[in-house]
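S.K.: what would the 3D arrangement of this be:
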Amino acid sequence: MHTGEVDLRGNDLGDLAVTIAKRICDLAGPGQVLVTETVRGRMVGAGIKFNDWDEDELKGLPGTWRLYVIAG
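M.R.: This is a model prediction of the structure:
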């Protein structure tokens with residue numbers, strides 16, 4: 001069933017955003033939170049500090065993705 005941004009597939013969620021989140025979570029180390037440039041941009045003014053992480057290819061997704069780690 002398609003609900004707009006996320007597809008419900010039985011008890012599973014599926015969508016491009018879910019795939020991106022999974023790939024990024026797989027790169028994070030213990031206690032780290034990695035985010036994309038898009039998330040970082042939406043957090044302007046929230047008082048959260050980000051450090052540049054790297055630019056990575058995410059399996060099954062086109063191009064490279066600039067990632068940031070939440071500081072502190």
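
S.K.: rest of the way, CA atoms for contacts and neighbours
M.R.: Fine.

S.K.: what about the strands in the protein?
M.R.: Using DSSP state E, the strands found in the chain span residues 7-9, 12-14, 34-36, 50-57, 64-70.

S.K.: export the ones you listed as JSON lines, with columns for mean pLDDT and distance to Lys22.
M.R.: Supplementary listing: those in JSON lines, determined by pLDDT from 0 to 100; distance: least, CA to CA, whole Å:
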{"stretch": "strand 7-9", "mean pLDDT": "58", "distance to Lys22": "15"}
{"stretch": "strand 12-14", "mean pLDDT": "60", "distance to Lys22": "11"}
{"stretch": "strand 34-36", "mean pLDDT": "94", "distance to Lys22": "11"}
{"stretch": "strand 50-57", "mean pLDDT": "91", "distance to Lys22": "13"}
{"stretch": "strand 64-70", "mean pLDDT": "93", "distance to Lys22": "14"}
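
S.K.: please identify the most buried of those strands.
M.R.: By mean neighbour count, with neighbours taken as mean count of other CA atoms under 10 Å, strand 34-36 ranks first of the strands of the chain at a mean of 21.

S.K.: against which helices or strands is that one packed?
M.R.: Here strand 34-36 touches helix 16-27, strand 64-70, going by 3 or more CA pairs under 8 Å, 6 or more residues apart in numbering; DSSP states H and E.

S.K.: partner strands of that strand, parallel or antiparallel?
M.R.: Its sheet considered, strand 34-36 pairs with strand 64-70 (antiparallel) by DSSP bridges.

S.K.: send me the strand it pairs with as PDB with only the CA atoms.
M.R.: The C-alpha trace of strand 64-70 is given here as PDB (Å, rounded to 0.1, in the frame of the first residue of the first chain):
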ATOM      1  CA  THR A  64      28.100  10.300  -4.000                       C
ATOM      2  CA  TRP A  65      26.500  11.700  -0.900                       C
ATOM      3  CA  ARG A  66      28.100  14.400   1.400                       C
ATOM      4  CA  LEU A  67      27.600  13.300   5.000                       C
ATOM      5  CA  TYR A  68      28.000  15.000   8.300                       C
ATOM      6  CA  VAL A  69      28.300  13.700  11.900                       C
ATOM      7  CA  ILE A  70      26.500  15.400  14.700                       C
END
